[in-house]
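Trainee: mind folding the following:
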Amino acid sequence: MATTTASAVESVPIFSGGEWTEVSSNRAGDVFNPSTGRVIGRVPFCSAKQTSEVVEAAAKALPAWSETPVVERARLMFRFRALLEQHFEELAALVTREHGKTLAEARAEVNRGIEVVEYACGIPSLIAGDILPNIAADVDAEAVRHPVGVCVGITPYNFPFMVPLWMYPIAITCGNTFVLKPSEKVPLSSVRVGELLEEAGVPDGVFNVVHGDRECVDALLDHPKVAAISFVGSTAVAKYIYERGTAAGKRVQSAGGAKNHLIIMPDAEMDQTVKALAASAYGCAGQRCMAGSVAVAVGKAGDAVVEGLVDVASRMRVGPSDGNENIDMGPVIRAEHRDRVANYLDIAQEDGATVALDGRREFDSDGFLIGPSVVDRVRTTMRVWKEEIFGPVLSVVRASDLDEALAVGERCEYGNGAAIFTRSGYAARQFKRHFNAGMIGINVGVPAPMAWFPFTGWNRSFFGDLHIQGNESIQFYTRQKVTLTRWPKSDDSHLDPVWREDRK
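Mentor: I've put the predicted structure just below:
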């Protein structure tokens, strides 16, 4: 990536048709290091015309790539995976630098992204079709999968390395070409990974990167040569992406926000449970769609949960993450986001909740820091229960029994993930069968599926039919063609004489 030596601020390029280019744009955005508050990059907001040119580059590369043998496409992924492993620490440090995750969290993110590339390496087996000879008299049937065309990924800031890799390794190995529009807040990881994919030998135009805001996104949603859109972000934007994309005739998978509930039964092993709750709520500074947002404490578990959380969270080391491995929680993405999260503590108090631990304090840093907070006595009428805060705030709702706890989840408009902590097989089974969410954990605080299983959000946490990851991702990035064949028996008088002689 080119830099302006005077300011050491990186000018973030696009990647189109195999060329890295610094585009000229009337509008651009700052990329911050959240640990220092300093600007480290300048990202262009591409116009609709510039965005369209990137899509055209992907469309130009599609015919040749879709005809490339699937084994060759998978070998590209094997080479790509090797380069990701080789540059593992560099990539983790870059995630920490532009996002603010602790280095341990960034390493975990890089690992989870590489897992999807490993899954894509197996697509020659996973994409194999079906055949049934003699489905009728002298008729054979076969079903095979074809690529859908030019695919687009629009990704969020909270996982700058992993979430893009949820999408394009699978799409590309299935024979599609791809345009990635990473979050303008964290474009550096996507650019660096794109350089490694180029080094692995991706043909020109098969993978492309464009930057921008709504104008760029709308151009991608409307372009007639885009066949499929994958999105991860807030619910409001997910709904918009789904509605506009499908109205333009595209297939869309659009993952939105969450309000993940963690139920704690009275028989839970409390020390381990509290640690799991804290890791779920405060990991990545609460900026993940699978973060625990609401702890539903059942019966006598309530006081123990709150007291334990306050003890664990108050001892967490919060500080700049860039270059510092001795912290437990890093900054949030921007100063305005820090202030928004902090404001919810005032809202909670105004609504009648009790702030048992207030994460607002002075830090000896210019980074975007806020500590973990615990809000007790939350009711389902309160904004802190209804709205996605996306920060290190854990609300505690008290419930008298399991049925009441399940009812709390039933009233939630989201449905991403949920977990229960218990030693009771009955309670676990009731929860697994009846809680209103698509991803379930039993004594697991963050029930995010690995690459081999789909990311199955429900309700307003997902818009579409086929989810990201796993077998559903292969279905999303391919379309089936069924062929019925009958070869009638006939004489061979019309065949070449030499060939007829050979048959004798």
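Trainee: quick check: mean pLDDT across stretch 118-126?
Mentor: Per-residue pLDDT over stretch 118-126 has a mean of 97.
Trainee: how about residues contacting that stretch?
Mentor: 70-71, 73-74, 77-78, 81, 169-170, 172-174, 451-452, 469-471, 474 (Cβ atoms under 8 Å, 6 or more residues apart in numbering). Every residue, glycine included, has its C-beta placed from N, CA and C.
Trainee: just the buried ones from those?
Mentor: For the contacts of stretch 118-126, a neighbour count by 16 or more other Cβ atoms under 10 Å gives the buried set as 70, 73-74, 77, 81, 169-170, 172-174, 451, 469-470, 474.
Trainee: which of those residues fall within helices?
Mentor: Judged by DSSP state H, those include Val70, Arg73, Ala74, Met77, Arg81, Pro169, Ile170, Ile172, Thr173, Gly470, Ile474 as members of helices.
Trainee: for the closest residue to the last one other than its chain neighbours, what are phi and psi?
Mentor: Read that as Ile474. Leaving aside its sequence neighbours, Ile474 sits nearest to Leu126 (Cβ to Cβ, 6 or more residues apart in numbering; 5.7 Å). Backbone torsions for Leu126, taken as degrees, to the nearest 10, come to phi -70, psi -20.
Trainee: and the strands in the stretch 1-150 of the chain?
Mentor: Using DSSP state E, counting those that start in this stretch, the strands of the stretch 1-150 of the chain run over 3-4, 9-11, 14-16, 19-21, 28-33, 38-44, 130-136, 139-147, 150-154.
Trainee: out of these, deepest packed?
Mentor: Among the strands of the stretch 1-150 of the chain, strand 150-154 has the highest mean neighbour count (mean count of other Cβ atoms under 10 Å), at a mean of 28.
Trainee: helices and strands around that one, which ones?
Mentor: Packing partners of strand 150-154 (3 or more Cβ pairs under 8 Å, 6 or more residues apart in numbering; DSSP states H and E): helix 48-66, helix 162-173, strand 177-181, helix 214-222, strand 226-232.
Trainee: what is the mean pLDDT for the fourth one?
Mentor: It refers to helix 214-222. Regarding helix 214-222, the rounded mean pLDDT is 98.
Trainee: can you check the second one too?
Mentor: Confidence for helix 162-173, expressed as mean pLDDT, is 98.
Trainee: which residues sit against that helix?
Mentor: Against helix 162-173 from outside (Cβ under 8 Å, 6+ apart): 65, 70, 73-74, 76-77, 80, 109-110, 112-114, 116-117, 119-121, 123, 151, 153, 155-156, 178, 180, 182, 189-190, 193, 202, 206-207, 228, 230, 232, 455, 468-469, 473-474, 477.
Trainee: cool, the first one as well?
Mentor: Applying Cβ under 8 Å, 6+ apart, the contact partners of helix 48-66 are 14, 16-17, 23, 25, 46, 73, 146-147, 149-150, 152, 172, 175-179, 203-206, 208, 210, 212, 215-216, 218-220, 223, 225-226.
Trainee: buried ones among the residues you listed?
Mentor: 14, 16-17, 23, 25, 46, 73, 147, 149-150, 152, 172, 175-179, 204-206, 208, 210, 212, 216, 218-220, 223, 226.
Trainee: would you map out the domains in this structure?
Mentor: The chain breaks down into these domains under automatic domain parsing: 3-257+461-483, 260-413+417-442.
Trainee: and the ones you listed as CSV, adding distance to Lys489?
Mentor: Putting the domains of the chain into CSV (distance: least, Cβ to Cβ, whole Å) gives the following:
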stretch, distance to Lys489
domain 3-257+461-483, 8
domain 260-413+417-442, 53
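Trainee: for Ser490, find the nearest of these.
Mentor: domain 3-257+461-483 (12.5 Å; Cβ to Cβ).
Trainee: got the phi and psi for the residue lying closest to Phe462 once chain neighbours are set aside?
Mentor: Excluding its sequence neighbours, the residue lying closest to Phe462 (Cβ to Cβ, 6+ apart) is Ala255, at 5.4 Å. Here is the backbone geometry of Ala255 (degrees, to the nearest 10): phi -90, psi 130.
Trainee: got a pLDDT number for Ala255?
Mentor: What the model reports as pLDDT for Ala255 is 98.
Trainee: and Val446, how far is that from Leu188?
Mentor: Note on Val446: its distance to Leu188, by Cβ to Cβ, to the nearest Å, is 25 Å.
Trainee: any idea which element Ser321 lies in?
Mentor: According to DSSP states H and E, Ser321 maps onto no helix or strand at all.
Trainee: count of neighbours near it?
Mentor: Neighbourhood size, Ser321 [other Cβ atoms under 10 Å]: 29.
Trainee: so the residue nearest to Phe462 makes contact with Ser461?
Mentor: Yes - the pair Ala255 / Ser461 is scored as a contact, 6.9 Å apart, by Cβ atoms under 8 Å.
Trainee: overlap in contacts, the two.
Mentor: Joint contacts of Ala255 and Ser461 (Cβ under 8 Å, 6+ apart) are Cys289.
Trainee: where does Ala418 land in three-state SS?
Mentor: Of the three states, Ala418 takes strand according to DSSP: H, G, I helix; E, B strand; the rest coil.
Trainee: list the contacts for it?
Mentor: Contacts for Ala418 were tallied using Cβ under 8 Å, 6+ apart; they are 260-263, 409, 431, 435-437, 439-441, 447.
Trainee: tell me where the model's unsure across this protein.
Mentor: Scanning the chain for pLDDT under 70 picks out 1-8, 491-504.
Trainee: geometric centre of it: which residue is closest?
Mentor: Computing the C-alpha centroid of the chain and ranking residues by Cα atoms, centre = their mean puts Val163 first, at 3.6 Å.
Trainee: gap between that one and Ala136?
Mentor: Per Cβ to Cβ, Val163 is found 46 Å from Ala136.
Trainee: kindly report the same for Ile40.
Mentor: Ile40 sits 65 Å away from Ala136, going by Cβ to Cβ.
Trainee: ditto for Lys49
Mentor: 53 Å.
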